[in-house]
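> just need the structure, nothing else, for what follows:
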Amino acid sequence: MKKIIFTLAIAAIILSCKHDKKIENQKEFISKEVDNDEWIYLFDGTSTDGWRAYNGEFLPPGWIIENGTLTFNTELGLEQDYKGGKDIIYGAEEFDNFELYLEWKLPEGGNSGIFYHLKEGHKSPPIVAPEYQLIDDLGYTKIHDITKYNLSLGYTHKPEELKPLQRTGSDYAMHPADTINKILHPIGEWNSSKIVFTPKNVEHWLNGKKLLSFVPWDVEWHEKKNSDKWKNSPDYGKYKTGFIGLQDHASPIWFRNIKIKKL
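Predicted coordinates for the structure are as follows:
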């Protein structure tokens, strides 16, 4: 019996070491991208200075610092009941050309997004600002019914499913993320995202892999904009400078190490 207990104890120690090593490797991978003096912290884990509600003066209830993360503390709401949320912006400065880096994680069925070139005075950020989509690719439609929403967009083939333009890393409803190179960590684990914007090229990255690139405001961009979800949103994507924003889509969300570098 003592021999069996000793063997099990050794096995537990080995598994624990492997798990700790995995966590350390993930931390090292995430942090090495941002070890650069040119980065400006928008959130460093200690203060929400500069952050406030979109079209508001203060940070909305629910957005708090928790264990060094910028968290939206809420119960998961259903997509079919969603009427808009308490989106926030870093309101201390607007940015035009930039490289934005942050780390994030979602719960099962979670949904959020990262906005840029966001201007206030509009009804909501999505009708104005491009969005880097964050969502539970594998589990979202197991919890939420998106059929009615997709049918309203003209997606009649399997409208109950997430479409490529709606998945993590995509330029929402404009450019789909590459599914071959895409590495999306399991729910509850940290991911790193990067957006690079210049007038000549835009890139979306996820966990060190480039998912897409496009030229903003060229002929192809305008054709995409006028053919799908944004065809009735004349202000979508037109601004060449604006705020960085984070979306409340009725879901808990955790962000950390939010940094930006001007280009």
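> gap between the residue nearest to residue 174 when sequence neighbours are not counted and residue 179?
Leaving aside its sequence neighbours, residue 174 sits nearest to residue 224 (Cβ to Cβ, 6 or more residues apart in numbering; 5.4 Å). Every residue, glycine included, has its C-beta placed from N, CA and C. Residue 224 sits 19 Å away from residue 179, going by Cβ to Cβ, to the nearest Å.
> neighbour count: these two, which is higher?
Applying other Cβ atoms under 10 Å to residue 224 and residue 179 shows that residue 224 carries more neighbours, namely 19 against 12.
> helix/strand/coil for residue 220?
For residue 220, the assignment made with DSSP: H, G, I helix; E, B strand; the rest coil gives helix.
> likewise residue 223?
Applying three-state DSSP: residue 223 is helix.
> and residue 126, by the same measure?
With three-state DSSP as the basis, residue 126 sits in helix.
> could you pull up the residues touching it?
Residue 126 is in contact with 113, 115, 172, 247, counting by Cβ atoms under 8 Å, 6 or more residues apart in numbering.
> now do it, the pLDDT please.
What the model reports for residue 126 is a pLDDT of 95.
> now the one 4 residues further on
pLDDT, the model's per-residue confidence, is 98 for residue 130.
> quick check: it touching residue 173?
No. With contact defined as Cβ atoms under 8 Å, residue 130 and residue 173 do not form a contacting pair (9.5 Å).
> mind checking which of the two has more residues around it?
Shown here are residue 130 and residue 173; by other Cβ under 10 Å, residue 130 has more neighbours (27 against 21).
> could you find the closest non-adjacent residue to that one?
Nearest non-adjacent residue to residue 130, counting by Cβ to Cβ, 6+ apart: residue 237, 5.5 Å away.
> now for the protein, the helix or strand with the poorest mean pLDDT.
One helix or strand of the chain scores below all others by mean pLDDT, DSSP states H and E: helix 2-32, with a mean of 46.
> immediately after it, which helix or strand?
strand 40-43 (DSSP states H and E).
> got the buried residues for that next one?
Across strand 40-43, burial judged by 16 or more other Cβ atoms under 10 Å covers 42, 43.
> still on that earlier bit, for the residue nearest to residue 130, what are phi and psi?
When read as degrees, to the nearest 10, the backbone of residue 237 gives phi 70, psi 10.
> that one reaches residue 216, doesn't it?
Yes. Using Cβ under 8 Å, residue 237 makes contact with residue 216 at a distance of 7.3 Å.
> who has more neighbours out of these two?
Legend: neighbour count by other Cβ under 10 Å for residue 237 and residue 216, higher for residue 237 (21 against 18).
> can you pull the contacts of the more buried one?
Here residue 237 is in contact with 117, 128, 129, 130, 174, 216, 217, 221, 225, 230 (Cβ under 8 Å, 6+ apart).
> redo those as TSV? Include distance to residue 192.
Below are the contacts of residue 237 laid out as TSV (distance: Cβ to Cβ, whole Å):
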residue	distance to residue 192
117	22
128	26
129	21
130	19
174	22
216	23
217	27
221	26
225	28
230	28
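> what packs against the strand or helix carrying residue 114?
Secondary structure from DSSP H and E places residue 114 in strand 111-118. Here strand 111-118 touches strand 88-95, strand 98-105, strand 131-135, strand 191-198, strand 242-246, going by 3 or more Cβ pairs under 8 Å, 6 or more residues apart in numbering; DSSP states H and E.
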